[in-house]
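In: no FASTA, just this:
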């Protein structure tokens, strides 16, 4: 798993993008930047989920099981909330419950971010405001912090 510093660096880069985009006066360009930030945020979700569960396995399993988990997780792409919860339950039902206990706003931010990313990536006519993606970033960050804490 990436160190706490690496996770923090990724999140800080997204925060910096949000800050820069907020200074853009052209609202159309600001919307395009919000789409790009959505893609980056979705990538943060995917990477952090994968790395968190790899850490979980590394701290609890034999080396062969660790390799197996790592290989299987390498194929875990674009997870929405449902996918993450299923994976969490496979590792530990208590972990799934802790994630389910988070606010609906936090959980909805995961699925809506990934769904919007998929729409953007596949050429859909997606619109997202910078304010909305900033809120999602805060919620996603909270979700990922809880996941990381539970998986260490």
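Out: Nice, I can see it. If you're wondering where the values come from, they're calculated on a predicted model, not measured in any experiment. Residues are numbered from 1 along each chain as shown.

In: List the contacts of residue 18.
Out: Residue 18 makes contact with 37, 130, 133-134, 137 under the criterion Cβ atoms under 8 Å, 6 or more residues apart in numbering. To be clear about C-beta, it is placed using only N, CA and C from the backbone, and glycine gets the same treatment.

In: The same query, at a cut-off of 7 Å, please.
Out: 37, 134, 137 (Cβ atoms under 7 Å, 6 or more residues apart in numbering).

In: Give me the contacts around the helix or strand that contains residue 141.
Out: Secondary structure assignment for residue 141, by DSSP states H and E: helix 130-151. With contacts defined as Cβ under 7 Å, 6+ apart, helix 130-151 is touched by 7, 11, 14, 18, 21-22, 30, 34, 37-38, 41, 45, 48-49, 52-53, 55-56, 95, 98-99, 102, 105-106, 109-110, 112-113.

In: Quick check: the gap between the spatially most central residue of the chain and residue 60.
Out: Centroid-nearest residue in the chain: residue 45, 1.5 Å away (criterion: Cα atoms, centre = their mean). Residue 45 sits 23 Å away from residue 60, going by Cβ to Cβ, to the nearest Å.

In: Neighbours of residue 92, how many?
Out: Each residue near residue 92 was counted by other Cβ atoms under 10 Å, and the total is 15.

In: got it, and the one 4 residues further on?
Out: The number of residues packed near residue 96 is 18, by other Cβ under 10 Å.
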